[in-house]
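Chemist: coords please:
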Amino acid sequence: MKAKGTVYLVGAGPGDAGLMTLRGAELLGRADVVVYDALINRDLLRLAPKTAEFIYAGKRAQEHALPQDDINELLVSKARAGKTVVRLKGGDPYVFGRGGEEAEKLAEAGIDFEVVPGISSVVAGPNYAGIPITHRDHCSSYTVITGHEDPDKDEASSVDWGQVAKIPGTKVVLMGVKRIREISGQLIANGLPPKTPVAMVRWGTTGKQQSIEGTLATIADVVEKTGFSAPAVTIIGDVVKLRDKLNWYEKRPLFGRRIVVTRTREQASQLTRQLAELSAEVLEIPTIKILPTDRHQDLADALLELNSYDWIVFTSPNGVNMFFEAFFKGFEDLRDIGGVRIAAVGPATAARLKELHLKVDLMPSEYVTAKIAKAFTDYESIENLKILLMRAEVATPELPRELEALGAIVDDIACYKTVPETEDPTGDAAKLLEGGADWITFSSSSTVESFHARFNLPELVQKFPQIKLASIGPETSKALAALGFKPTVEARPHTIEGLVKALVSRA
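Modeler: This next block holds a predicted model:
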């Protein structure tokens, strides 16, 4: 008989993926089944094994992908099948998340479970909007209320708005956007001054965060005027006055900018992290994925002849990764690479080599064919030297041609290939097609070509004329020029850091 599995009710936090707890991330990493809600950051799903089963159980207002009873039964049945189940819930499982109900059902069914707390939007939303919900000069307590039910309903209401009005301290209302006029009216009718400050924060802790302010007397009008909508947290009390002074997140240079990252999923994190730390809303839409080359024999032959080469040239971190993946299938010792010298095109490529404790003997200042050839000329004569060029199956012929013009003997070997990425696990591609973006960043000519193949770049820009294009360097800009575009910015230097700096300069 197969042993029963365990269900982990995990709080995914308020939206910023970085606010997930270490325990939650650890459990996701060994999940067999992930049952997730609508408001979680779907980037967190990448922490789970690719073999995991992902089940959407989204619950938004009146729209439920799965009724609660079905979710309960699902958790029980998957655990009885011996699975490790992570039930991923927005915020904290026990703060208006029905996690208590799910835990009860698991206990009744005799299923082992664990509850992993998450950071609740109760505190995180106000924080990212510059509002401390307690402050010694303003209040020493706070009250959390659900605004999901009608405040004008009969005596059966679970919220006594008259009592809420009398409780001192900050009041935090969850899920109350649609009923904010009734809620504020009830609080005023029960004694709270109409001039009491109010702030509302939607999509708190994420790059699409929006905040509005008013008073109990005016906030409903502000909501209607601005078209403000759920999901949001409402903060009522004098602490709202601190927002101008303490609003750290919304004052960052890329706040409110939607920026598309088109790098491969494995490479996107570095750029995404830097943009997110500047408060941008990042859409990760990888247009290519990296796979082993189909030209296996060419690569095998090059590996067997490593000792005959004077130089190996790597043009990207992908080339480094795929070369050494193949290398270690045939060799057990890194020293078997021999005395060959190493050239790296670009700091990211050099950094990847240094992670392997390999010295980079040559790195051109710019990733331009003429600059690479000149870097070799400045270093030494390469006449009759044998150079192994490791790169993608489809690549510009200019570099080997320039090196051969200098007298080198060049073996241009493919160690990987790029293929179009068509999956959209986070829904970011759908968001782009629905609402556009402020910037699309391109980190290579292949990302330009693959993005165009998937989305038709001219048509996309015509549909959303506010879109601006950012290029990492000359080769990438050439690919854009072939489509009739000149990038709004080109990174200087031609690095991820340079790309971010260029975006900030135009903020």
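Chemist: thought residue 55 was touching residue 32?
Modeler: No - counting by Cβ atoms under 8 Å, residue 55 does not reach residue 32; the two are 11.3 Å apart. No exception for glycine: its C-beta is placed from N, CA and C like everyone else's.
Chemist: where does pLDDT dip in the chain?
Modeler: Low-confidence segments of the chain (pLDDT under 70): 1-2, 59-64, 149-157, 264-268, 367-369.
Chemist: show me how it divides into domains.
Modeler: Listed by automatic domain parsing, the domain ranges of the chain are 6-119, 123-246, 258-287+421-505, 291-418.
Chemist: to residue 252, which of these lies closest?
Modeler: Across the domains of the chain, the minimum distance to residue 252, taken as Cβ to Cβ, is reached by domain 258-287+421-505, at 3.7 Å.
Chemist: show me the contacts for the nearest residue to residue 432 once chain neighbours are set aside.
Modeler: In space, and not counting its chain neighbours, residue 432 is closest to residue 283: 5.7 Å by Cβ to Cβ, 6 or more residues apart in numbering. When contacts are counted by Cβ atoms under 8 Å, 6 or more residues apart in numbering, residue 283 touches 258, 259, 260, 261, 428, 429, 431, 432, 437.
Chemist: contacting residues around residue 442?
Modeler: 262, 448, 451, 469, 470, 471, 472, 476, 479, 480, 487.
Chemist: okay, and the beta partners of it?
Modeler: On the basis of DSSP bridges, residue 442 is bridged to residue 471.
Chemist: distance-wise, check it relative to residue 448.
Modeler: 5 Å (Cβ to Cβ, to the nearest Å).
Chemist: and for those two, which residues touch both?
Modeler: Residues touching both residue 442 and residue 448 by Cβ under 8 Å, 6+ apart: 476, 479, 480.
Chemist: next step: those restricted to strands.
Modeler: Residues from the shared contacts of residue 442 and residue 448 lying in strands, with DSSP state E as the criterion: none.
Chemist: ok, back up a step: could you flag which of the contacts of residue 442 are buried?
Modeler: Buried by 16 or more other Cβ atoms under 10 Å: 262, 448, 451, 469, 470, 471, 472, 476, 479, 480, 487, out of the contacts of residue 442.
Chemist: and for stretch 99-117, what are the contacting residues?
Modeler: Defining contact as Cβ under 8 Å, 6+ apart, one finds that stretch 99-117 is touched by 4-11, 21, 23-24, 27, 68, 71-72, 75-76, 79-80, 87, 89, 92-94.
Chemist: only whichever of these are buried, select them in PyMOL.
Modeler: Of the contacts of stretch 99-117, the buried ones can be selected in PyMOL as follows, counting by 16+ other Cβ under 10 Å:
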select buried, resi 4+5+6+7+8+9+10+11+21+24+27+71+72+75+76+79+87+89+92+93+94
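Chemist: picking that back up, how about the contacts of residue 442 in JSON lines, adding distance to residue 44?
Modeler: Shown next, in JSON lines, are these (distance: Cβ to Cβ, whole Å):
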{"residue": "262", "distance to residue 44": "21"}
{"residue": "448", "distance to residue 44": "29"}
{"residue": "451", "distance to residue 44": "25"}
{"residue": "469", "distance to residue 44": "29"}
{"residue": "470", "distance to residue 44": "27"}
{"residue": "471", "distance to residue 44": "30"}
{"residue": "472", "distance to residue 44": "28"}
{"residue": "476", "distance to residue 44": "30"}
{"residue": "479", "distance to residue 44": "33"}
{"residue": "480", "distance to residue 44": "33"}
{"residue": "487", "distance to residue 44": "32"}
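Chemist: using PDB, list the CA coordinates for the lengthiest strand in the chain.
Modeler: Longest strand in the chain, counting residues (DSSP E): strand 409-420. Output in PDB follows, covering the C-alpha atoms of strand 409-420 (Å, rounded to 0.1, in the frame of the first residue of the first chain):
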ATOM      1  CA  ILE A 409      42.700  28.800 -39.000                       C
ATOM      2  CA  VAL A 410      39.200  28.900 -37.600                       C
ATOM      3  CA  ASP A 411      36.900  26.000 -36.800                       C
ATOM      4  CA  ASP A 412      33.400  27.500 -36.400                       C
ATOM      5  CA  ILE A 413      31.700  24.800 -34.300                       C
ATOM      6  CA  ALA A 414      28.100  24.900 -33.000                       C
ATOM      7  CA  CYS A 415      27.700  23.800 -29.400                       C
ATOM      8  CA  TYR A 416      24.000  24.800 -29.100                       C
ATOM      9  CA  LYS A 417      21.000  25.900 -31.100                       C
ATOM     10  CA  THR A 418      18.200  28.400 -30.400                       C
ATOM     11  CA  VAL A 419      14.600  27.500 -31.000                       C
ATOM     12  CA  PRO A 420      11.500  29.600 -30.600                       C
END
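Chemist: what distance separates that strand from the centre of its chain?
Modeler: Put simply, strand 409-420 sits 29 Å off its chain's centre (Cα atoms, centre = their mean, to the nearest Å).
Chemist: spit out the contact partners of the residue in the chain sticking out farthest from the centre.
Modeler: Largest separation from the mean C-alpha position in the chain: residue 384, at 47.4 Å (Cα atoms, centre = their mean). For residue 384, the contact set (Cβ under 8 Å, 6+ apart) comprises 407, 408, 409.
Chemist: using PyMOL, define a selection of the buried residues within those residues.
Modeler: In PyMOL, this line selects whichever of the contacts of residue 384 come out buried by 16+ other Cβ under 10 Å:
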select buried, resi 408+409
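Chemist: so where do the helices sit in the stretch 401-507 of the chain?
Modeler: With DSSP state H, counting those that start in this stretch as the criterion, the stretch 401-507 of the chain has helices at 428-435, 445-455, 457-463, 474-481, 496-505.
Chemist: what does the stretch 51-200 of the chain give?
Modeler: Secondary structure of the stretch 51-200 of the chain (DSSP H, counting those that start in this stretch): helices at 68-80, 99-108, 121-128, 161-166, 180-189.
Chemist: likewise for the stretch 251-400 of the chain?
Modeler: Taking DSSP H, counting those that start in this stretch to define them, one finds helices in the stretch 251-400 of the chain at 265-276, 296-304, 317-330, 347-355, 369-379, 398-405.
Chemist: got those as CSV, with mean neighbour count columns?
Modeler: Formatted as CSV, those follow (neighbours: other Cβ atoms under 10 Å):
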stretch, mean neighbour count
helix 265-276, 18
helix 296-304, 15
helix 317-330, 19
helix 347-355, 18
helix 369-379, 16
helix 398-405, 16
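Chemist: need those in TSV (columns: distance to residue 119).
Modeler: Formatted as TSV, the helices of the stretch 251-400 of the chain follow (distance: least, Cβ to Cβ, whole Å):
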stretch	distance to residue 119
helix 265-276	16
helix 296-304	47
helix 317-330	33
helix 347-355	32
helix 369-379	47
helix 398-405	49
